[in-house]
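Chemist: based on what follows, work out the 3D shape:
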Amino acid sequence: MAFDIEMIKKVYDNMATRVDAARKIVGRPLTLTEKILYSHLWDGTASKAFSRGVDYVDFAPDRVACQDATAQMALLQFMHAGKSKVAVPTTVHCDHLIQAKVGASTDLQVANTQSKEVFDFLSSVSNKYGIGFWKPGSGIIHQIVLENYAFPGGMMIGTDSHTVNAGGLGMLAIGVGGADAVDVMSGMSWELKFPKLIGVKLTGKLSGWTAPKDVILKVADILTVKGGTGAVVEYFGEGATSMSCTGKGTICNMGAEIGATTSTFGYDDSMRRYLTATDRQDVVDAADKVASYLTADPEVYANPEQYFDQLIEINLSELEPHINGPFTPDRGTPVSKMKEEAAANGWPIKVEWGLIGSCTNSSYEDMARAVSIVNQAVEHGITPKAEFGINPGSEQIRYTIERDGMIAAFEKMGTKVFTNACGPCIGQWDREGANKEEKNTIVHSFNRNFSKRADGNPNTHAFVTSPEMVAALAISGRLDFNPLTDTLLNDNGEPVKLIAPFGDELPKRGFDVEDAGFQAPAEDGSNVQVNVNPTSDRLQLLAPFDAWDGQNITGAKLLIKAFGKCTTDHISMAGPWLRFRGHLDNISNNMLIGAVNAFNQKTNSVKNQLTGAYDGVPAVARAYKAAGIPSVVVGDHNYGEGSSREHAAMEPRFLGVKAVLVKSFARIHETNLKKQGLLGLTFANEADYDKIQEDDTINFIDLVDFAPGKPLTLEFVHADGSKDIVLANHSYNESQIGWYKAGSALNLIAANA
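Modeler: As a prediction, this is how the structure comes out:
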């Protein structure tokens, strides 16, 4: 469980040498992002890295972290890589497969029974290959990483889009698909297109009801869900240094919602305090020796417009609490404007549930500030109007806040304390009455609020805000309640004005825990057996995908033309489908069932060109596959926005989809498609999207000449015999074309093992 201080010292030694050399080559001061990237370049790739935003560059991350839902497929792939042990420190965290319903104790027991087969598999495969294993109930992956493994100046990848949370401790932590993780675990380099840089200068200081969450809610409102695509966001300024480390983590965490590659902050006193409080004084001592390398050069922050591709400035002293939503995390509404916005848009005013937790806001400080509002309600005799639930971020957090009386305070208000796990944030919530699909409003401190995400109800209007605002809105029972100006009536009819939230950044008595839930791997795992029952409906050993035959794809059928927003939740839903994350055949039955068909505006209803009948997307895909007919998916902007789940790429590959042609991709999903041997293409002319017809047959004209920088030509043959020629761009380089030719990146790894 302990961090590897010797590894960290080596990272710092390497950083000092490489950054000094890079500064001379570039001939100018460096941002923090550049320092970390340059110091983690894979040997022999340095010359490519200095052409910012152009070339794919190979890196050598320090760590890998996997959550249980994605770890299944990642480790099933790793078993084919021919390695006896992971090449870099790796951990697996069981946090996704625990459903919130009754409360922590009961829900955890149910999960341990229902998902025993999966947990046993993850435990044994981790034990065999030298991977640290965090048991169910130990906590949410990103909170545990922050508490135990993150360190300033490091680089890590994780099979979850919110891996970026570790930027709160000055890392470059990046969400990837499982195939990327397999590369690094196998001792290979990890490839990333060198990002653009967005600087966010924070002036002033947070106070009153405004929290770190409001910073990223404001940034999301400014940049939208795709405004950070292909970029790293670097926060700096007096406002940045005045915030807590876990507050910084919250901001970085939700950077995934603007499409950013990752986000980070420079090393400062808040990080020193947090590292010391989590028993990592050795890291502080090592980091202090290279402190100047763990933040940007002074000239960068003095004249940021010269060094960042885009610059945003936010005055924290003027920032209002925000409530973002519904249905998208980038629709920002300051609390003072909510009354008029809700009325104008017909949003349900009554708040049914308030939920605090998830990897975004489950720290000690988050819980302390929220409970300060709860205590006021209890003391003044105010009965909350909405139901209330919390998910502590880790067993260490839960144990410490119980010791400090916070759990008891929450429970006095009737709060349900769920397991230290993701729960409602990822759809793992058995919410009573959700199946009625009634229009309603919930507020939460999570990161995403797409339709159906929390409870499966498409009519649940979910709004994202800070933990303290969640508490206030849940107590009031009204979405348009403004705690800065409004009063509440207690049970005696007396008006009560809530005072601003307050809470300790770190526990005064230190963190405490009896059993954190960690299992160290065997020193020698050669005799550890990993068994997968061939009749299991939860786990399925993988068979390699077929290699490309070197010919043009012809006679392909249009499977679906997706209309509007098509996130990974639409492509491969979570919630009840999480139980099949280790079984590719079974989980493929959810492929694109949430996507809207552009031709009939329905979900999971597409035309089977073989029969003329309409059926579910997976059923039609299976029909084409059984007939030996390839298929193509067409989509809109930012296709694949959302989580890192590579199932959204593996399922189409498994069901015979050969190409995905869209207006634009979200970064992780585009990479996942490439890794699995699919063609991820974009319209050279976005208006060509409108030319695609429901009965189209697609022929690739020049795939045999597939090469970097060379667009592909596709022929769309319509039902009446007419044709449209569509030019499709791609971003494949030589090595990625090698993945395609081999059938997948994993096939290439296994061939070279």
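Chemist: can you pull out the helices in the stretch 451-600 of the chain?
Modeler: 467-476, 568-571, 584-587 (DSSP state H, counting those that start in this stretch).
Chemist: what would those look like in TSV with mean pLDDT, distance to P424 and mean neighbour count?
Modeler: Where you see a C-beta, it was placed from the backbone N, CA and C, and this is true even at glycine. Shown next, in TSV, are the helices of the stretch 451-600 of the chain (pLDDT from 0 to 100; distance: least, CB to CB, whole Å; neighbours: other CB atoms under 10 Å):
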stretch	mean pLDDT	distance to P424	mean neighbour count
helix 467-476	98	12	30
helix 568-571	94	14	26
helix 584-587	96	21	19
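Chemist: looking at those helices, which is nearest to M188?
Modeler: helix 584-587 (22.9 Å; CB to CB).
Chemist: on that earlier part again, and the helices of the stretch 451-600 of the chain as a markdown table, adding distance to S536?
Modeler: Shown next, in a markdown table, are the helices of the stretch 451-600 of the chain (distance: least, CB to CB, whole Å):
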| stretch | distance to S536 |
| --- | --- |
| helix 467-476 | 39 |
| helix 568-571 | 24 |
| helix 584-587 | 10 |
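Chemist: how about D724, secondary structure?
Modeler: strand (DSSP: H, G, I helix; E, B strand; the rest coil).
Chemist: could you give the number of residues near it?
Modeler: 14 (other CB atoms under 10 Å).
Chemist: got the contact list for it?
Modeler: When contacts are counted by CB atoms under 8 Å, 6 or more residues apart in numbering, D724 is found next to D688, K691, E715, F716, H718.
Chemist: of those, buried ones?
Modeler: Buried members of the contacts of D724, scored by 16 or more other CB atoms under 10 Å, are D688, E715, F716.
Chemist: residue contacts, G103?
Modeler: Here G103 is in contact with K416, V417, F418 (CB under 8 Å, 6+ apart).
Chemist: distance from the host helix or strand of I401 to the middle of the chain?
Modeler: According to DSSP states H and E, I401 maps onto helix 395-403. Relative to its parent chain, helix 395-403 has a centroid offset of 25 Å by CA atoms, centre = their mean, to the nearest Å.
Chemist: now swap in stretch 283-290 and tell me
Modeler: Stretch 283-290 has its C-alpha centroid displaced from the chain centroid by 29 Å (CA atoms, centre = their mean).
Chemist: what do you get for stretch 122-129?
Modeler: With CA atoms, centre = their mean as the basis, stretch 122-129 stands 24 Å off its chain's centre.
Chemist: so which of the helices of the stretch 451-600 of the chain gets nearest G433?
Modeler: Using CB to CB as the measure, helix 467-476 is the one of the helices of the stretch 451-600 of the chain that comes nearest G433, at 17.2 Å.
Chemist: other SSEs contacting the closest one?
Modeler: Packing partners of helix 467-476 (3 or more CB pairs under 8 Å, 6 or more residues apart in numbering; DSSP states H and E): strand 351-356, helix 364-379, strand 387-390, strand 440-444.
Chemist: can I get the ones you listed in TSV including mean neighbour count?
Modeler: TSV is the format used below for those (neighbours: other CB atoms under 10 Å):
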stretch	mean neighbour count
strand 351-356	26
helix 364-379	23
strand 387-390	24
strand 440-444	25
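Chemist: next, format these as JSON lines and append distance to C425 and mean pLDDT.
Modeler: Listed next are the helices and strands packed on helix 467-476 as JSON lines, based on distance: least, CB to CB, whole Å; pLDDT from 0 to 100:
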{"stretch": "strand 351-356", "distance to C425": "8", "mean pLDDT": "98"}
{"stretch": "helix 364-379", "distance to C425": "14", "mean pLDDT": "97"}
{"stretch": "strand 387-390", "distance to C425": "11", "mean pLDDT": "96"}
{"stretch": "strand 440-444", "distance to C425": "7", "mean pLDDT": "98"}
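Chemist: so which of these is nearest S263?
Modeler: Across those, the minimum distance to S263, taken as CB to CB, is reached by helix 364-379, at 18.1 Å.
Chemist: just want the angle from that closest one to strand 351-356.
Modeler: Using axes from the mean of the first three to the mean of the last three CA atoms, to 10 degrees, the inter-axis angle of helix 364-379 relative to strand 351-356 is 140 degrees.
Chemist: alpha carbons of helix 364-379, as CSV, please.
Modeler: Below are the C-alpha coordinates for helix 364-379, written out as CSV (Å, rounded to 0.1, in the frame of the first residue of the first chain):
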residue,chain,number,x,y,z
TYR,A,364,-12.8,15.3,4.7
GLU,A,365,-13.2,19.0,3.9
ASP,A,366,-16.2,18.3,1.7
MET,A,367,-17.9,16.3,4.4
ALA,A,368,-17.0,18.9,7.1
ARG,A,369,-18.4,21.8,5.1
ALA,A,370,-21.6,19.9,4.2
VAL,A,371,-22.1,18.8,7.8
SER,A,372,-21.8,22.4,9.0
ILE,A,373,-25.0,23.1,7.1
VAL,A,374,-26.7,19.9,8.3
ASN,A,375,-25.9,20.8,11.9
GLN,A,376,-27.5,24.2,11.5
ALA,A,377,-30.7,22.5,10.3
VAL,A,378,-30.7,20.1,13.2
GLU,A,379,-30.0,22.8,15.8
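Chemist: distance from the chain centre to it, please.
Modeler: With CA atoms, centre = their mean as the basis, helix 364-379 stands 28 Å off its chain's centre.
Chemist: with stretch 66-85 instead?
Modeler: Worked out by CA atoms, centre = their mean, stretch 66-85 lies 19 Å from the chain centre.
Chemist: same check on stretch 746-753?
Modeler: That offset, for stretch 746-753, works out to 27 Å (CA atoms, centre = their mean).
Chemist: now it: buried residues?
Modeler: Of all the residues in stretch 746-753, those buried under the rule 16+ other CB under 10 Å are L746, N747, L748, I749, A750.
Chemist: wait, a helix at V232?
Modeler: No - if the criterion is three-state DSSP, then V232 is strand and not within a helix.
Chemist: I figured it hits I258, correct?
Modeler: No - V232 is beyond contact range of I258, at 11.5 Å (criterion: CB atoms under 8 Å).
Chemist: C-terminal to the helix or strand bottoming out on mean pLDDT in the chain, what's the next element?
Modeler: Every helix and strand of the chain was ranked by mean pLDDT, DSSP states H and E. The lowest is helix 46-49, at a mean of 56. Downstream of helix 46-49, the next assigned helix or strand under DSSP H and E is strand 56-59.
Chemist: which residues sit against whichever helix or strand comes after that following strand?
Modeler: Using DSSP H and E, the next helix or strand after strand 56-59 towards the C-terminus is strand 63-67. Residues outside strand 63-67 that contact it (CB under 8 Å, 6+ apart): 74-75, 86, 88-96, 141, 145, 149, 154, 156-160, 163, 178, 181, 184-185.
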